[in-house]
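# my questions are about this predicted structure, shown below with the sequence.
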Amino acid sequence: MLMAALNNWVNHTFGSTGMYTLSLIVGFTDIDPFALSLLTGQFKADDATLAGAIIIADGANNLLKAVYAWWFGHRDTGYLSGLWLSLSGLITISWGYCGCFT
C-alpha cells in the first residue's frame, strides 16, 4: 500500500524521470512490492515507462546481489559471481534507461 502511494506520487510529480530514479533506489531493496504496485494498472504512465522502471529496478537488484556475492562468497567464486552480476546489472539498467525494449 505504501509503495503504491509512493509510486503514484512520484509518477504524478516527476513523471518518467522520477519513476526511473525511484526504481533505481528501490532496486537496492525489495523489488517485488514495487513491481506489483506498478502492474496494478492504476498509473497514468505509458507501458514503456512502466517496463523501463521494472527493468531498472531489476538491474539495481542485480548490483545488490553482486555486493552479496563479493562479501559472502568464496574468494574466487564470490568475485567472479560479483563481476558477472555487476555486468548484468549495469547492462540491464542501461537497457531500461534507453528504452530499447519498445
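Looks like it came in fine. Numbering: from 1, shown residues only.

# contacts, neighbours, all on C-alpha from now
Noted.

# so which residues of the protein form helices?
Residue ranges of the helices in the chain, as given by DSSP state H, are 2-26, 31-38, 47-72, 75-98.

# what is the shortest one packed up against?
I take that to be helix 31-38. helix 2-26, helix 47-72 (3 or more CA pairs under 8 Å, 6 or more residues apart in numbering; DSSP states H and E).

# excluding covalently adjacent residues, which one is nearest to residue 60?
residue 27 (4.6 Å; CA to CA, 6 or more residues apart in numbering).

# about what we covered before: in terms of mean pLDDT, which of the helices and strands packed on helix 31-38 ranks lowest?
Mean pLDDT values for the helices and strands packed on helix 31-38 show the minimum at helix 2-26, a mean of 89.

# tell me the buried residues in that helix?
4, 7-8, 10-11, 16, 18-26 (16 or more other CA atoms under 10 Å).

# just stretch 42-56 next, same as before
For stretch 42-56, the neighbour count (16+ other CA under 10 Å) marks 43, 45, 49, 50, 51, 52, 53, 54, 55, 56 as buried.

# just the closest of those residues to residue 75, please.
Distances from residue 75 to these, taken as CA to CA, are shortest for residue 56 (28.5 Å).

# so what's that closest one up against?
Residues near residue 56 by CA atoms under 8 Å, 6 or more residues apart in numbering: 20, 23, 24, 27, 92, 93, 94, 95, 96, 97.

# residue 98 - how many residues pack around it?
10 (other CA atoms under 10 Å).

# give me the pLDDT for it.
91.
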